[in-house]
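# Sequence and computational prediction follow.
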Amino acid sequence: MSGFVEKPEPIQVPGLVHLHTGKVRDLYRDQDDRLVMVASDRMSAFDWVLPTDIPDKGRVLTQLSLWWFDQLADLVPNHVVSTDLPAGAPADWEGRTLICRNLDMVPVECVARGYLTGSGLVEYEKTRTVCGLALPEGLVNGSELPAPIFTPAAKAAVGEHDENVSYEEVARTAGAETAALLRQSTLAVYGRARDIALERGIILADTKFEFGFDPQDGTLVAADEVLTPDSSRFWPAEEWEPGRSQPSFDKQFVRDWLSSPASGWDPKGELPPPALPQEVVEQTRAKYIEAYERLTGLSWTATPGSGTGTGSA
């Protein structure tokens, strides 16, 4: 069993219709039929949405995505229409809310990998492949791949694993032309982002994107979040050492504590996870903010909503 430990009640805002509560984001529709996306401070790990929030996490995801959208604008358009706070919305939504155009979403997680780790490493150790793509012998945890690869996944519901699928499966389900466009766009964006991150001392090991088609003109558009600590593995370049797990700017503090004897919890068991201790919350928040500041070169205290409080949306 997995999912929400405590599923939050959606906040009611006049003029907005609540559509969905996800692992991190709450989705609404406004009176102009636009999507209103609010990134909460919820944290997920081991297919559970935990009972403890990470203050400011949703703002980091939103502000970092906006920064990356600007860096990638010449490669792929994005779904953001406005960052204005909807009328009547709570003050805590400041800095974590995007008003977006509706898209015909492609039901594929578009994953790009430049380094071997995670589920890719597990498959490689068994078959010397990742998503059916053959890789050379001798790679280890953290190895840089000969070239970045496109390794799509089928998007799963809350509490379930995204499932790696082959490129051929994407072509069968989405069409050969769409599959080729997804692969081309994913690898182009990854290549740009990898170079930008490396200039700032960060290795972009892998990342996932979501795309949709604009129903007006059929353009492929980047949606949801891009290149955040939730959707990517960021490693400090100065500490990169193939053959071991790499230090990272993400939820690793959370995963490590939950899987340690200190938590008293079995990630493979049936019981829900416990609340996080304050030191784990603080360390995780600090890593998210450090990723934002190192990548953007901006001070976190200057971001919209950074002084608005620490509750989740």
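Received the coordinates, thanks.

# What lies in contact with the helix or strand residue 185 falls within?
Assessed by DSSP states H and E, residue 185 sits inside helix 176-199. Helix 176-199 has contacts (Cβ atoms under 8 Å, 6 or more residues apart in numbering) with 68, 71-72, 75-76, 106, 108, 110-112, 114, 148, 150, 152, 167, 170-171, 174, 203-204, 207, 209, 211, 220, 222, 226-227, 234, 237, 295. Heads up, the C-betas are built off the backbone N, CA and C, glycines and all.

# Counting neighbours, which of these end up buried?
Buried members of the contacts of helix 176-199, scored by 16 or more other Cβ atoms under 10 Å, are 68, 71-72, 76, 106, 108, 110-112, 114, 148, 150, 152, 167, 170-171, 174, 203-204, 207, 209, 211, 220, 222, 226-227, 234, 295.

# tell me which helix or strand of this protein sits lowest on mean pLDDT?
Across the helices and strands of the chain, mean confidence by mean pLDDT, DSSP states H and E is lowest for strand 163-164: a mean of 83.

# you'd agree residue 89 is in a helix?
No - using DSSP: H, G, I helix; E, B strand; the rest coil, the assignment for residue 89 is coil, not a helix.

# Got phi/psi on the closest residue to it other than its chain neighbours?
Excluding the flanking residues, the one nearest residue 89 by Cβ to Cβ, 6 or more residues apart in numbering is residue 13, at 5.2 Å. According to degrees, to the nearest 10, the main-chain angles of residue 13 amount to phi -130, psi 130.

# I figured residue 13 was touching residue 97, is that so?
No - with contact defined as Cβ atoms under 8 Å, residue 13 and residue 97 do not form a contacting pair (10.3 Å).

# Looking only at neighbour counts, state which of those two leads.
Here residue 13 and residue 97 are compared on neighbour count by other Cβ atoms under 10 Å; more neighbours surround residue 97, at 26 against 18.

# pretty sure that one is touching residue 34, no?
No - using Cβ under 8 Å as the test, residue 97 is too far from residue 34 to be in contact (11.8 Å).

# for the record, mean pLDDT for the helix holding residue 185?
Averaging pLDDT along helix 176-199 gives 98.

# now stretch 3-20
Mean pLDDT, stretch 3-20: 94.

# Repeat that for stretch 59-69.
The pLDDT scores in stretch 59-69 average 98.

# The chain should start at 302 in everything you say after this.
Renumbered: residue one is now 302, and that last one reads stretch 360-370.

# Please list the residues outside it that contact it.
Stretch 360-370 has contacts (Cβ under 8 Å, 6+ apart) with 325, 340, 379, 381, 384, 396-399, 494, 523, 526-531, 589-590, 592-593, 596-597, 599, 601, 604-607.

# Give me the subset of those residues that lies in strands.
340, 381, 398-399, 523 (DSSP state E).

# Which pair in these has the greatest spatial separation?
Based on Cβ to Cβ, the longest span within the ones in strands among the contacts of stretch 360-370 runs between 398 and 523 and measures 17.9 Å.

# Pick out the residue closest to the middle of this protein.
Centroid-nearest residue in the chain, with Cα atoms, centre = their mean: residue 532, separated by 2.2 Å.

# so where does residue 535 fall, helix or strand?
Per DSSP H and E: residue 535 is located in strand 533-537.

# Tell me the strands beside that strand, with direction?
Using DSSP bridges, the strands paired with strand 533-537 are strand 503-514 (antiparallel).

# So for the strand it pairs with, mean pLDDT?
Strand 503-514 comes out at a mean pLDDT of 97.

# what's the angle from it to helix 477-500?
Interaxial angle, strand 503-514 versus helix 477-500 (axes from the mean of the first three to the mean of the last three Cα atoms, to 10 degrees): 150 degrees.

# What separation do you get for residue 542 and residue 504?
With distances taken as Cβ to Cβ, to the nearest Å, residue 542 is found 11 Å from residue 504.

# Also residue 464?
Distance of residue 464 to residue 504, computed by Cβ to Cβ: 26 Å.

# How about residue 353?
The gap separating residue 353 from residue 504 is 28 Å, by Cβ to Cβ.

# just residue 602 next, same as before
26 Å.

# Perfect, that will be all.
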